[in-house]
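Visitor: Need a 3D model of the following:
(chains A and B)
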Amino acid sequence: MDRNYHVFSNGRLERHEDTLRLATEDGEKKHIPIENAEAVYLHGQIDFNTRLLSFLNDNGIAAHVFGWNDYYSGSVMPERGQTSGRTVVSQVRAYDDPAHRRDLAAAFVRGSIHNMRANVAYYDGRSADLDATLERLDTVADSVAEADDVEELMGVEATARKAYYGTFDSVLRDEFELGTREYNPPPNEVNSLLSFGNALVYANCVSAIRATALDPAVSYLHEPGERRYSLSLDLADLFKPLLTDRVLFRLVNRRQITTDDFETELGECLLTERGRQTFSKEFEETLERTVEHPELNRKVSYQYLLRLEAYKLKKHLLAGEAYEPFRRWW
Amino acid sequence: MYVVLVYDMEADRTQRMLRLCRRYLTHVQNSVLEGEISEGDLATLRGEIEDTLIAGESVIVYELSSDTLLDRTVYGDDPTEDSRFL
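Guide: Just a heads-up that it's a prediction; the model follows:
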């Protein structure tokens, strides 16, 4: 399976002898095997030239750039290997048909709630009594069917997420507290971890969508806006509980991430480079975990689940097969 | 699968094999590379190796069906450590 490579150092990324090489500012040279790279995540200050870009393009590798304070600031995507006007047309048609769009948006919300619930159920009884939240999530899940339009569905999703985030403080050990979800800038450690993790999920979804002919800017639950791959937001919602949140719980509760991994100033709290590395490492290991897929009858990695989601959506749009959102089944 | 690859080339040609194998694996020591590789990539690599070799040179590939079967001990610095986080 192809892997993501994260570059935290500053330096120059270049094509060298038909593979990728990073020359860091400290004069070190490190090689990245091009043939097993899925994408490079650039967290440091990196120089590169057009020769590198065409090389990445030839190998179908995306470069995701993280800018100031490690906010996602964009991707350099390989030229579309997959072009299909038919797919884009059916994608836009589904968006334009209110009933169809509603159904797809509802599927995303149903899946998201299910996956949030799976996390709560896992920690219920382990570290706290979360029965009340489970019940609450079930009630909210029932209201998905009654929501008439996308706006209402967004509301339902927000209600569920609020109830879900409410459990974080009882799951996490004491020094860590979420309070409420806030960003731009994240005011505390847990918010900062969520922002960083969700940015990674988002970038991974961008890669997954790009593997199909789907247009990443045409979405269903989120309003297609400007400058954002909003379809990636739709997909990312399904996977945040599986990826960001579980990694966060694990790292904090095992004390692999402590308050020392953050820099706080003027009401903003951000991960240090070491903290980001710890998080990305656990995140990548999670992406590589595999699980037996009941329909494919083989083991698939978590990362491949993202890809599958894009394929399922495309198949639904083109062949009319019912779209069943990703629901954690194990 | 996980492979360990060692090669023995004529002195002025070692770079060729290194250059080829670096595209797929991590260089750990002189003439030794290792890493996770897919079956398809390994098949491609095998073909390219055969095309590169001339008489008197050899490449040996040790294959493990999974890296969980691998019992690997490193003394000193591990060159593969964090190879994905640069």
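
Visitor: Would you state the helices of the chain in chain order?
Guide: Just going to use chain A. Under the criterion DSSP state H, helices of chain A are mapped to A:50-58, A:85-96, A:98-123, A:131-144, A:150-165, A:168-171, A:189-210, A:230-239, A:246-253, A:273-288, A:302-319.

Visitor: um, chain B though
Guide: Under DSSP H, chain B gives helices at B:14-22, B:39-52.

Visitor: Which of those helices sits closest to chain A?
Guide: Nearest of those to chain A, taken as C-beta to the nearest C-beta: helix B:14-22 at 4.3 Å. Quick note: C-beta positions are derived from backbone N, CA and C, even for glycine.

Visitor: Run the contact check for the closest one versus chain A.
Guide: Yes: residues of helix B:14-22 contacting chain A under C-beta under 8 Å from any C-beta of the partner chain: B:19, B:22.

Visitor: where's that helix relative to the chain centroid, distance-wise?
Guide: Chain-centre distance of helix B:14-22: 9 Å, with C-alpha atoms, centre = their mean, to the nearest Å.

Visitor: Identify the residues contacting it?
Guide: Helix B:14-22 is contacted by residues A:17-19, A:31, A:33, B:5, B:7, B:9, B:27, B:31, B:33, B:45, B:48-49, B:52, B:59 when judged by C-beta atoms under 8 Å, 6 or more residues apart in numbering or on different chains.

Visitor: Could you rerun that using 10 Å?
Guide: A:16-21, A:31-35, B:3, B:5, B:7-10, B:27, B:30-35, B:45, B:48-49, B:51-54, B:57, B:59, B:61 (C-beta atoms under 10 Å, 6 or more residues apart in numbering or on different chains).

Visitor: just the buried members of the residues you listed?
Guide: Judged by neighbour count, with 16 or more other C-beta atoms under 10 Å in any protein chain shown as the criterion, the buried members of the contacts of helix B:14-22 are A:16, A:19-21, A:31-35, B:3, B:5, B:7, B:9, B:27, B:31, B:33-35, B:45, B:49, B:52-53, B:57, B:59, B:61.

Visitor: These in strands, which ones?
Guide: A:16, A:19-21, A:31-32, B:3, B:5, B:7, B:27, B:33-35, B:59, B:61 (DSSP state E).

Visitor: Run a quick neighbour tally on residue A:102.
Guide: Look at residue A:102: counted by other C-beta atoms under 10 Å in any protein chain shown, it has 18 neighbours.

Visitor: how about the residues of the stretch 1-150 of chain A that lie near chain B?
Guide: Applying C-beta under 10 Å from any C-beta of the partner chain, we find that the stretch 1-150 of chain A lies next to chain B at A:1-9, A:11, A:13, A:16-22, A:24, A:28, A:30-37, A:40-41, A:43-44, A:59.

Visitor: tell me which parts of chain B are close to chain A?
Guide: Near chain A, when you scan chain B using C-beta under 10 Å from any C-beta, you find B:15-16, B:18-27, B:33, B:35-38, B:40-41, B:44-45, B:79, B:82-86.

Visitor: buried subset of those residues?
Guide: Counted by 16+ other C-beta under 10 Å, the residues of chain B next to chain A give B:16, B:18, B:20-27, B:33, B:35-37, B:41, B:45, B:83-86 as buried.

Visitor: and of the ones in strands among the buried ones among the contacts of helix B:14-22, the nearest to residue A:204?
Guide: For those, the residue nearest residue A:204 by C-beta to C-beta is residue A:32; the value is 17.7 Å.

Visitor: There's contact between the closest one and residue B:86 in this structure, I believe.
Guide: Yes: using C-beta atoms under 10 Å, residue A:32 is in contact with residue B:86, at 7.3 Å.
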